[in-house]
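Novice: quick one, fold the following:
(2 chains, ligands or ions: 1)
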Amino acid sequence: MLVKRLTLRDFRNYESAELTLGEGLTLLHGPNGAGKTNLLEALYFGATGRSCRTSNEREMLRFGAAAARSVIEVEGEDGAHRIEVGFEPGEPKLMKIDGARVERLSGATARPLVSVFLPDRLELVKGPPGSRRAHLDQFVAALRPARAENRTEYGRALAQRNALLARVRAGRSGPSALDAWDHELARLGIVLMEDRTHSVELLTPPFGRLAAELGLPGEATLTYRPRSKAADAAGLESELHEARESDLQRGFSGHGPHRDELVLAHEGRPLRAYGSQGQQRLALLALLFAERDVLLAERGRAPLMLLDDVVSELDAARRERLVELIQSEGQAVITTTDAEAIPGVEDAVTAAVTAGEVRQELAPA
Amino acid sequence: MFAPPVNRLITELARLPGIGQRTAQRLAFHILRLPPEEALPLAEAIKEVKETVRQCEVCFNLAVEPTCRVCQDERRDAALICVVEEPSDIIPIERTNEFSGRYHVLGGALSPIDGVDPEDLHIEELAKRVEAGGITEVVVATNATTTGEATALYIADLMRERAPDTEVTRLASGLPVGADLEYADEITLGKALSGRRRL
Ligand SMILES: [Zn+2]
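Specialist: Numbering: from 1, shown residues only, chains lettered A, B, ... in the order given. I've put the predicted structure just below:
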């Protein structure tokens, strides 16, 4: 699938703008504060219906405007599609595929996969385990779309078990239904653990290789640490059973795959605690490219890579390797203040970004 | 904004599931435009249904007499009980023509989030019905959702305890995951009924 064009209106500092993407690398260059990252965010917003930078969606709205809108046009195996996402404060988000309104974009086959690197957003590496679990589960959903429902169902069963624990603790319910919820949680939880294990097994080799290539010499590893030692649903169920007393005291479930950890480590030390900012960035970049490799190998689909200010971390040799990786397969959009710093720029589609304006000189197609 | 009776009609209509304020207004004005002989049958139908329809004393299906038509039908296998969440779940099962037993309507599914405990459903009545004897199999046809699955497991555990000789089965998968029974098509439901598995 190719993302051909982005059109936006009243988005951040843009009143209206248009960006045509290349089939390989697209380069956005311009001074700091011109709005390069905003274009990446608009691409992400158009492809997912969410922001990759903020949970306060009002920030995406141009000052004084009523509604922000991002439209991406894609070319898939089944033809062209147009995905439109609009945000208006106080209104349900407007999402349309080919003009027809949809409830959500996740699961829609017309939607491109996207992967985003923001150098100032390193929560994934250095934040609490929850962000890594959520990221891993998103990867599972991209790798095996049919399994995405299982993660949702697990979340529902967990919320139900927690509600029951709290009710029993408060004396408002009897404990008789807890066995049923343990069983249900275990049935869904073991599948979630299997999916995560499978994904991390696929990601580990390319992660180590790419981390070394991009500038983390020595051994970089990716390890899935499930809290449960269970090999099957019955095993997980009996663990939940054992945890019940303490769960009842707390009023929520303290055991299960919602407490798992994904450890990114370098030379045996977790990058979360011991990595420098630069190492954490490189590890994140290696993880995103490892995911791209696995998605290409397993599904024949590479995500659109949105890479903000990625080259400032890398020396000349590694910049070259990065551009090679990008140009080998799939699409990427890179922002930079210095277009000259990108090797192979002459093969890329470029756009000059200045204060809310995008200027592109495109060769006739 | 309108005369009080009109406002009251709009308010009542807007309380129906799936009807927003705007639709309620449209319906209210439609009803206002109708001649009395076309509008009043709706009011009478609502009145009649509330005055005459009640729950079957045996299975909690809808009934106009103390027991429902299924429970009254002597040709139906009294040794086989199909457990569903709502009376509306019976319709698609009946349409498959695969099921010749009787029903038991729970009146919902376990959902601690919504404060629905086993005591809020007709589960104890089911246990008593089975304990009374003559039941060889209980088919649990609760929805294939998390709440439906947990309810099925709860019933299976309870049956093992209270009526160990009765077999408890679950509709075979074939129902789309997360789907409500009401929307399942007849072919998948028929297959699910014929290939039910032990719980
Ligand atoms: Zn009945």
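Novice: name the helix or strand for the closest residue to residue A:173 other than its chain neighbours, please.
Specialist: Nearest residue to residue A:173, sequence neighbours excluded (C-beta to C-beta, 6 or more residues apart in numbering or on different chains): residue A:167, at 3.8 Å. Placement of C-beta: from N, CA and C, glycine included. When elements are defined using DSSP states H and E, residue A:167 is found to belong to helix A:148-169.
Novice: residues from chain B in reach of the ion?
Specialist: Taking C-beta under 5 Å from the ion as the criterion, the neighbours of the ion within chain B are B:56, B:58, B:59, B:61, B:68, B:71.
Novice: excluding chain neighbours, what is closest to the most centrally placed residue in chain B?
Specialist: The geometric centre of chain B, computed from its C-alpha atoms, lies nearest to residue B:86 (C-alpha atoms, centre = their mean), at 1.4 Å. Nearest in space to residue B:86, with sequence neighbours left out and distances taken as C-beta to C-beta, 6+ apart, is residue B:105 at 6.6 Å.
Novice: which other helices and strands contact the lowest-mean-pLDDT helix or strand in chain B?
Specialist: Within chain B, confidence by mean pLDDT, DSSP states H and E is lowest for helix B:186-194 among all helices and strands, at a mean of 71. Counting contacts by 3 or more C-beta pairs under 8 Å, 6 or more residues apart in numbering or on different chains; DSSP states H and E, the secondary-structure elements packed against helix B:186-194 are helix B:90-96.
Novice: does any part of the helix ranked longest in chain A sit near chain B?
Specialist: As far as residue count goes, and with DSSP state H defining each element, the longest helix of chain A is helix A:178-214. Yes. With C-beta under 8 Å from any C-beta of the partner chain as the criterion, chain B is reached by helix A:178-214 at A:179, A:180, A:181, A:183, A:184, A:187, A:188.
Novice: compare these and tell me which is most surrounded.
Specialist: Per-residue neighbour counts (other C-beta atoms under 10 Å in any protein chain shown) across the residues of helix A:178-214 next to chain B peak at residue A:184, which has 29 neighbours.
Novice: re the thing from before, which among the residues of chain B next to the ion end up buried?
Specialist: Among those, those classed as buried by 16 or more other C-beta atoms under 10 Å in any protein chain shown are B:56, B:58, B:59, B:61, B:68, B:71.
Novice: nearest to chain B: which residue in the stretch 1-150 of chain A?
Specialist: Closest contact between the stretch 1-150 of chain A and chain B, by C-beta to the nearest C-beta, is at residue A:149 (5.9 Å).
Novice: correction: the previous question concerned the stretch 201-350 of chain A.
Specialist: Per C-beta to the nearest C-beta, the residue of the stretch 201-350 of chain A with the smallest distance to chain B is residue A:237, at 10.4 Å.
Novice: spit out the contact partners of the spatially closest residue to residue A:270 that is not a sequence neighbour.
Specialist: With sequence-adjacent residues excluded and distances taken as C-beta to C-beta, 6+ apart, residue A:270 is closest to residue A:263, at 5.5 Å. When contacts are counted by C-beta atoms under 8 Å, 6 or more residues apart in numbering or on different chains, residue A:263 touches A:221, A:222, A:223, A:224, A:225, A:270, A:272.
Novice: again, only this time at 10 Å
Specialist: For residue A:263, the contacting residues are A:129, A:132, A:200, A:221, A:222, A:223, A:224, A:225, A:269, A:270, A:271, A:272, by C-beta atoms under 10 Å, 6 or more residues apart in numbering or on different chains.
Novice: where along chain B do the strands fall?
Specialist: B:54-55, B:62-63, B:77-84, B:101-105, B:137-140, B:167-170, B:197-198 (DSSP state E).
Novice: mind putting the ones you listed in TSV, mean pLDDT included?
Specialist: Rendered in TSV, the data for these read as follows (pLDDT from 0 to 100):
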stretch	mean pLDDT
strand B:54-55	94
strand B:62-63	96
strand B:77-84	96
strand B:101-105	97
strand B:137-140	95
strand B:167-170	92
strand B:197-198	78
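Novice: redo those as a markdown table? Include mean neighbour count.
Specialist: Conversion of those to a markdown table gives the following (neighbours: other C-beta atoms under 10 Å in any protein chain shown):
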| stretch | mean neighbour count |
| --- | --- |
| strand B:54-55 | 16 |
| strand B:62-63 | 18 |
| strand B:77-84 | 19 |
| strand B:101-105 | 24 |
| strand B:137-140 | 23 |
| strand B:167-170 | 20 |
| strand B:197-198 | 10 |
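Novice: was I right to think the residue nearest to the centre of chain B contacts residue B:108?
Specialist: Yes. Under the contact definition of C-beta atoms under 10 Å, residue B:86 touches residue B:108, with a separation of 7.3 Å.
Novice: shared neighbours of the two, anything?
Specialist: Listed as contacting both residue B:86 and residue B:108 by C-beta under 10 Å, 6+ apart are residue B:142.
Novice: and the closest residue to residue A:103 other than its chain neighbours, what are its phi and psi?
Specialist: Ranked by C-beta to C-beta, 6+ apart and with sequence neighbours excluded, the top spatial neighbour of residue A:103 is residue A:95, at 7.5 Å. Listed backbone geometry of residue A:95 is phi -130, psi 130, with angles given as degrees, to the nearest 10.
Novice: please apply the same query to residue A:305.
Specialist: Given degrees, to the nearest 10, the pair of backbone angles that residue A:305 has is phi -90, psi 120.
Novice: return the distance of the residue lying closest to it once chain neighbours are set aside relative to residue A:50.
Specialist: For residue A:305, ignoring the flanking residues on the chain, the nearest one in space by C-beta to C-beta, 6+ apart is residue A:332 at 3.9 Å. The gap separating residue A:332 from residue A:50 is 20 Å, by C-beta to C-beta, to the nearest Å.
Novice: next, count neighbours for residue A:213.
Specialist: 18.
Novice: could you do residue A:162 as well?
Specialist: Neighbouring residues of residue A:162 were enumerated by other C-beta under 10 Å; the total is 20.
Novice: good, we can wrap up now.
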